[in-house]
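A.B. asks: Got a sequence here, can you model it:
(2 chains)
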Protein chains: 2
Amino acid sequence: MNYSKLSLVLHKKFKGKLEVKSKTPLRNKHDLSISYTPGVAEVSRQIAKDKNLAYTYTLKSNSVAVITDGSAVLGLGNIGPYAALPVMEGKALLFKEFADVNAYPICLNTQDTEEIIKTIKNISVGFGGINLEDISAPKCFEIEERLKNELNIPVMHDDQHGTAIVILSALINALKVVKKEKSEIKVVVNGAGSAAIATTNLLLKYGVSGKNIIMVDTKGTIHTERTDLNPYKQKIAKKTNSKKITGDLGEALRNADVFIGVSVADVLKPEYVERMAVDPIVFAMANPNPEISIEEAKKTKIKVFGTGRSDYPNQINNILVFPGIFRGVLDSGAKKITEKMKLASAIAIASLVSKKKLSPEYIIPNPFDKRVAKVVAKAVMKVAKK
Amino acid sequence: MNYSKLSLVLHKKFKGKLEVKSKTPLRNKHDLSISYTPGVAEVSRQIAKDKNLAYTYTLKSNSVAVITDGSAVLGLGNIGPYAALPVMEGKALLFKEFADVNAYPICLNTQDTEEIIKTIKNISVGFGGINLEDISAPKCFEIEERLKNELNIPVMHDDQHGTAIVILSALINALKVVKKEKSEIKVVVNGAGSAAIATTNLLLKYGVSGKNIIMVDTKGTIHTERTDLNPYKQKIAKKTNSKKITGDLGEALRNADVFIGVSVADVLKPEYVERMAVDPIVFAMANPNPEISIEEAKKTKIKVFGTGRSDYPNQINNILVFPGIFRGVLDSGAKKITEKMKLASAIAIASLVSKKKLSPEYIIPNPFDKRVAKVVAKAVMKVAKK
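C.D. replies: Reported below is the predicted structural model:
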């Protein structure tokens, strides 16, 4: 199927994928006087007295901004904010379809950290949440961290946390398939970008032992002796690979139970897989071409194989995560997306795969499983209540 | 009718008036692959090569941001961006209903001129036009001017130009009723805020003689001898009241043919009206209470009376203007809203009142007249083509 061609045709035909619609009637002067002037003046007066009433009377209660600077779009890299528009529109579409969240795409004409932060703060008034998207590392860390602290609405960089949550979710069920315990597994995370670091942090929170996680970047394994690490890698180095195993990916993978690739195509060689422990779990998330092709993977001893692709089994896609997460924080009125919410979301998604149906080819629900956003939202709300 | 109460009930029930909806189907993995990944990557690649293709493939072609800092909202003043939200949502509703423009409300958490300009430039990527709204004078002048020069999409401060255009439109027909010529009339504009200055400038462009226009602010008539004028008033002083008539509104109105009030309630005293020339035209635009009440106006010799209110005849409301203007620039691909477009819009609106139907009580079409936005858009496109 030539999706590129079909996509160009569709985008041209519809001139974009979103529209803004009225929910209230506007048929005559009477309607106008209620939805607009003079009636709306009283609504404004009420909010002027208590700005929290914006949640009661305006679109804020169900609106999320999907914001990017276009610096790390899909697998395309720094293609800029204009080229990011159709992707952000697509994301907004998913918010609507899966969780009835009104999401609006905002592509920023700046790639400067301070300007991005200031701009987002300036436009945050009408939004109930901020979904950061496709912003390159390492600036994405500071941008998210600062906005979480400086804004009073939930902020999430989906590339980090959406990915981390859905990987954890898949891992929970994959471990059931291979009958291994989270506290005992050895995990190699290939890649040390924003998604890789967020995933590692969430695995640690979930209970995977730090001494058994090894991160690998293009220079080799990450450990505290390395002098070439940026501050974010330095921080994660302190929490992982306590044995300071050195060498390349091939070295790291000796006796590993799990490979998580958040890197680039074809770096996982079949001979590396053979060095892994029995019944290896491999999540090859590079898009569109995974760290090992499905054809090659089939020839190895991999027991559970997952990718980001929709045309293979076990699609580990953050579509399963962000709609429900934001539905949950919007409905609960939570001002932050916490680590507990992320863990609860991962567990909730995993729980939808019944014991009966669980198999090496089915560890994670389908993106079109309507239950997913609902259970995630419910899990988030439950944490929020506490 | 208690519109305040009804409005509060409506806003609470609907939790705001707008929603973001998908135009494209999303039923299965096939749809997902076309609207989102992997198909969308090719759309992004194309736009990365030529950012003008954003108009072909994304929502940009039909999207307008309705932006305020909440510094001069309706007649409520500086109530801040949160309280401005329901008003901006209402405006977006009108864009959609009257001209099928997708408008999105953006309320800014800053009232600083430079920050406003920077923020709007930063978020302009996904919009085909910027409608500035309810920003206080004098900063609104600089903000609009700078954005017009620094952005490559149409920018209009509706409080200035929407008001100016609809007033000119009403005046064109009112002059037909009283059988007076634009070049000979004496006009008093009461108020010297942004709408008043824009109106005066447009009247000058239309052909009303500068020597016959007198602007009046709270200190009296505006003329070049005054030393207390801000730069914007100084500029307009050079173009008007060349006889340097001094005194208050009452003085200015001697033998005036037209009173245009863009000021506050009840400043036009009945005895002032009696000093005006025969068959006076009075547009009392203060909202919600006009410069002279309809009851008092009826007792005077006023021949044509218009206000901003929907419950009186001759509602001079910029609802007649902005939807069609933006429809016109979006459809023509014009990068600016020019003075010629504004004049053409005013003439187009006036033209909808047929000679047969024209009367002192009917000089301007009803806001719900579906023809209005269409003829305005057409007029704008015609100018754009030249």
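A.B. asks: And the helices in the stretch 101-250 of chain A?
C.D. replies: Using DSSP state H, counting those that start in this stretch, the helices found in the stretch 101-250 of chain A span residues A:113-123, A:139-150, A:158-178, A:194-206, A:231-239, A:249-252.
A.B. asks: Ok, which of these comes nearest chain B?
C.D. replies: The closest of the helices of the stretch 101-250 of chain A to chain B is helix A:113-123. By Cβ to the nearest Cβ, the value is 4.4 Å. Yep, even glycine has a C-beta here, placed from its N, CA and C like the rest.
A.B. asks: who touches residue A:88 in this structure?
C.D. replies: A:66, A:67, A:68, A:105, A:106, A:107, A:133, A:134, B:126 (Cβ atoms under 8 Å, 6 or more residues apart in numbering or on different chains).
A.B. asks: State the distance from it to residue A:95.
C.D. replies: Separation of residue A:88 from residue A:95 (Cβ to Cβ, to the nearest Å) stands at 11 Å.
A.B. asks: shared neighbours of those two, which are they?
C.D. replies: residue A:66.
A.B. asks: can I get the helices of the stretch 101-250 of chain A in JSON lines with mean pLDDT?
C.D. replies: Putting the helices of the stretch 101-250 of chain A into JSON lines (pLDDT from 0 to 100) gives the following:
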{"stretch": "helix A:113-123", "mean pLDDT": "98"}
{"stretch": "helix A:139-150", "mean pLDDT": "97"}
{"stretch": "helix A:158-178", "mean pLDDT": "98"}
{"stretch": "helix A:194-206", "mean pLDDT": "97"}
{"stretch": "helix A:231-239", "mean pLDDT": "96"}
{"stretch": "helix A:249-252", "mean pLDDT": "98"}
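A.B. asks: nearest to residue B:370, of those helices?
C.D. replies: helix A:113-123 (33.2 Å; Cβ to Cβ).
A.B. asks: Could you export the closest one as CSV, CA atoms only?
C.D. replies: Extracted in CSV, the C-alpha atoms of helix A:113-123 (Å, rounded to 0.1, in the frame of the first residue of the first chain):
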residue,chain,number,x,y,z
THR,A,113,14.4,27.0,24.7
GLU,A,114,13.6,30.2,26.6
GLU,A,115,11.4,31.5,23.8
ILE,A,116,9.5,28.2,23.6
ILE,A,117,8.9,28.2,27.3
LYS,A,118,7.7,31.8,27.4
THR,A,119,5.5,31.4,24.3
ILE,A,120,3.8,28.3,25.8
LYS,A,121,3.3,30.1,29.1
ASN,A,122,1.8,33.1,27.3
ILE,A,123,-0.8,31.0,25.4
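A.B. asks: buried sites along that helix?
C.D. replies: A:113, A:115, A:116, A:117, A:118, A:119, A:120, A:121, A:122, A:123 (16 or more other Cβ atoms under 10 Å in any protein chain shown).
A.B. asks: That one: how far from the chain's middle?
C.D. replies: 21 Å (Cα atoms, centre = their mean, to the nearest Å).
A.B. asks: Remind me what it packs against, helices and strands.
C.D. replies: Under the contact definition 3 or more Cβ pairs under 8 Å, 6 or more residues apart in numbering or on different chains; DSSP states H and E, helix A:113-123 sits against strand A:63-68, helix A:139-150, helix B:113-123.
A.B. asks: The residue nearest to the spatial centre of chain A and residue A:349, how far apart?
C.D. replies: Nearest to the mean C-alpha position of chain A, counting by Cα atoms, centre = their mean, stands residue A:162 at 1.8 Å. Separation of residue A:162 from residue A:349 (Cβ to Cβ): 11 Å.
A.B. asks: who touches both of those two?
C.D. replies: By Cβ under 8 Å, 6+ apart, the residues touching both residue A:162 and residue A:349 are residue A:321.
A.B. asks: now the helices and strands packed on helix A:113-123 in TSV, with distance to residue A:53?
C.D. replies: Below are these laid out as TSV (distance: least, Cβ to Cβ, whole Å):
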stretch	distance to residue A:53
strand A:63-68	15
helix A:139-150	22
helix B:113-123	24
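A.B. asks: now, the most widely separated pair of the contacts of residue A:88?
C.D. replies: The largest separation in the contacts of residue A:88, counting by Cβ to Cβ, is between A:134 and B:126 at 14.1 Å.
A.B. asks: related to what we said a few turns ago, nearest to residue B:320, out of the helices of the stretch 101-250 of chain A?
C.D. replies: Among the helices of the stretch 101-250 of chain A, if distance is taken as Cβ to Cβ, the winner is helix A:113-123, at 29.2 Å.
A.B. asks: got the angle between that closest one and helix B:113-123?
C.D. replies: 100 degrees (axes from the mean of the first three to the mean of the last three Cα atoms, to 10 degrees).
A.B. asks: Excluding chain neighbours, give the residue nearest to whichever residue of the stretch 201-350 of chain A sits closest to chain B in space.
C.D. replies: Nearest residue of the stretch 201-350 of chain A to chain B: residue A:310, at 4.6 Å (Cβ to the nearest Cβ). Excluding the flanking residues, the one nearest residue A:310 by Cβ to Cβ, 6 or more residues apart in numbering or on different chains is residue B:29, at 4.6 Å.
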